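>>> sharing a model prediction with you, sequence too.
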Amino acid sequence: MHNPTTASERMTLLDQQIAEALTALDGPAELMRRMAQYSIGLIGTQGEETDPETRAQVQGKRLRPQIAMLVAEAVGGSAEHAAPAGAAIELLHNFTLIHDDIQDRSPNRRHRPTVWRVWGDGQAINAGDALFAVSQLALLRSAPYLTADQMLLLMEAFNRCTIEIVRGQVQDINNEGRADVTPTDYLEMITGKTATILGFSAWAGALIGGATRESCNCMRDLGLAIGRGFQIRDDALGIWSPASETGKDAADDIRRKKQSLPILILRNAANEEDAARITEISREEEITDQLVAEMISLLAKYDVEGQVADHVQAEHHTAMAILDDVFGDAENSAVVELRTLITQLVNRSY
């Protein structure tokens, strides 16, 4: 059993692995590295180092690598051994955000202009592609802690995870503005787009930590539950949370005609007159502030926010039950942190 690490120590380990991986971008075309570093909060648009507050704001919770390292410790391994995988996961996540912002035409992320808005679509695509390749290099640094067969399994799972993320994004874009999207369609989409990477994070942490195959699979299910709850909560924030909290434009999901869970619940609950009006609004070429306000009023009429909160709680209970099944009453500090982290995600405001 390795000594437990603090959250600060885990982030230091993660930063070291990310910095090492990013050296692959050194050389000509300095802009490639600058865009990559900007996207993860290390520098500003001119290459200037960010202050600690800005860096923390841009980097956010780093939930995915945290889970990988915490699970590794929880099953008896070390955060240090899981740090390369954590770096790979964080770099992969940021690759998807860069491309997601291009596709959604999102002008801001985490209180700063998005990469495409600063450098244009073409260069932002290049930055995302570079981060994807760098994430693979980071993952390879797990090799000293695994057998050859385990390393191949890890690499295959990482790339299959990426395919599922892209599949979910394809479904998400395809669902925009459609009136026939069902809650089942939605759950399938968020499982790919959001939950899969958290499932991989927890599974990889367990694998690197030396867990049994059964425990690894349980941890994957834990990550999937966390991921679904995270995305459902994100959908709520995308409608009801102010831009000062999220760093994105307020009610941006309504403007984008996202078929998120709040909208699907509203469609199912609305009376005939309101349902017809919702369909009319979804067919508008541009969702104005007035139409946004109308949609928010309809959501309030049917208490959609409360129903969404119930869905988040359900995923929270699933995740906690898995922890109970695998670890019982163990007072393992990493398990305690996992419980705290999951609980915090239910009520997060950004």
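Perfect, I can see it now.
>>> whatever helix or strand residue 170 lives in: how far from the chain's middle?
Following DSSP states H and E, the helix or strand that holds residue 170 is helix 148-175. When distances are taken as C-alpha atoms, centre = their mean, to the nearest Å, helix 148-175 is centred 14 Å away from the chain's centroid.
>>> check which helices and strands it is in contact with.
In terms of contacts (3 or more C-beta pairs under 8 Å, 6 or more residues apart in numbering; DSSP states H and E), helix 148-175 is packed against helix 79-104, helix 121-140, helix 183-190, helix 196-209. (C-beta placed from N, C-alpha, C; glycine too.)
>>> quick one: mean pLDDT for the third one?
Rounded to a whole number, the mean pLDDT of helix 183-190 is 91.
>>> looking at the chain, which residue lies furthest from center?
Using C-alpha atoms, centre = their mean, the residue of the chain lying farthest from its centre is residue 273. It sits 36.4 Å away.
>>> burial measure for the residue lying closest to residue 43 once chain neighbours are set aside, as a count.
Nearest residue to residue 43 in three dimensions, chain neighbours excluded: residue 37, at 4.7 Å (C-beta to C-beta, 6 or more residues apart in numbering). Neighbouring residues of residue 37 were enumerated by other C-beta atoms under 10 Å; the total is 20.
>>> tell me the pLDDT of residue 37.
Per the predicted model, pLDDT is 98 at residue 37.
>>> contacting residues for residue 316?
Contacts of residue 316 were listed using C-beta atoms under 8 Å, 6 or more residues apart in numbering, and they are 225, 229, 342, 343, 345, 346.
>>> of those, select the buried ones using a PyMOL command.
Written as a PyMOL command, the selection of buried residues from the contacts of residue 316, which uses 16 or more other C-beta atoms under 10 Å, is:
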select buried, resi 225+229+342+345+346
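>>> just give me the closest of the contacts of residue 316 to residue 24.
Using C-beta to C-beta, the shortest approach to residue 24 within the contacts of residue 316 belongs to residue 345, at 32.3 Å.
>>> tell me which element the residue nearest to that closest one when sequence neighbours are not counted falls in.
Nearest non-adjacent residue to residue 345, counting by C-beta to C-beta, 6+ apart: residue 230, 5.8 Å away. Assigned by DSSP H and E, residue 230 belongs to helix 213-240.
>>> mind listing what's buried in that helix?
Within helix 213-240, the residues that qualify as buried by neighbour count (16+ other C-beta under 10 Å) are 215-216, 218-240.
>>> tell me the pLDDT of the residue farthest from the centre of the chain.
As summarised for this prediction, residue 273 has a pLDDT of 96.
>>> ok, it to residue 179 distance?
Relative to residue 179, residue 273 is positioned 15 Å away (criterion: C-beta to C-beta, to the nearest Å).
>>> same deal with residue 292?
Taking C-beta to C-beta as the measure, residue 292 falls 18 Å from residue 179.
>>> neighbour count winner among these two?
When neighbours are counted by other C-beta under 10 Å, residue 292 comes out ahead of the other of residue 292 and residue 179, with 18 against 12.
>>> list the contacts of that one.
Listed by C-beta under 8 Å, 6+ apart, the contact set of residue 292 reads 251, 254, 255.
>>> so which of these is the closest to residue 131?
Taking the contacts of residue 292 together and measuring to residue 131 by C-beta to C-beta, the closest member is residue 255, at 27.2 Å.
>>> sec struct for the nearest residue to the closest one once chain neighbours are set aside, please.
Counting by C-beta to C-beta, 6+ apart, residue 287 is the residue found nearest to residue 255 once chain neighbours are left out, at 4.6 Å. Under the three-state scheme (DSSP: H, G, I helix; E, B strand; the rest coil), the conformation of residue 287 reads as coil.
>>> count of neighbours near residue 287?
There are 18 residues near residue 287, going by other C-beta under 10 Å.
>>> how close does it sit to residue 278?
According to C-beta to C-beta, residue 287 stands 12 Å off from residue 278.
>>> spell out which residues are contacts of both of those two.
In the contact map built from C-beta under 8 Å, 6+ apart, the residues linked to both residue 287 and residue 278 are residue 295.
>>> quick check: residue 65 touching residue 92?
No - under the criterion of C-beta atoms under 8 Å, residue 65 lies out of contact with residue 92, with a separation of 10.2 Å.
>>> which one of these two is surrounded by more residues?
Under the neighbour definition other C-beta under 10 Å, residue 65 and residue 92 were set side by side, and residue 65 has more, 29 against 25.
>>> what about the more buried one, which helix or strand?
Element membership of residue 65 [criterion: DSSP H and E] is helix 63-74.
>>> what does residue 300 give?
For residue 300, the enclosing helix or strand under DSSP H and E is helix 289-301.
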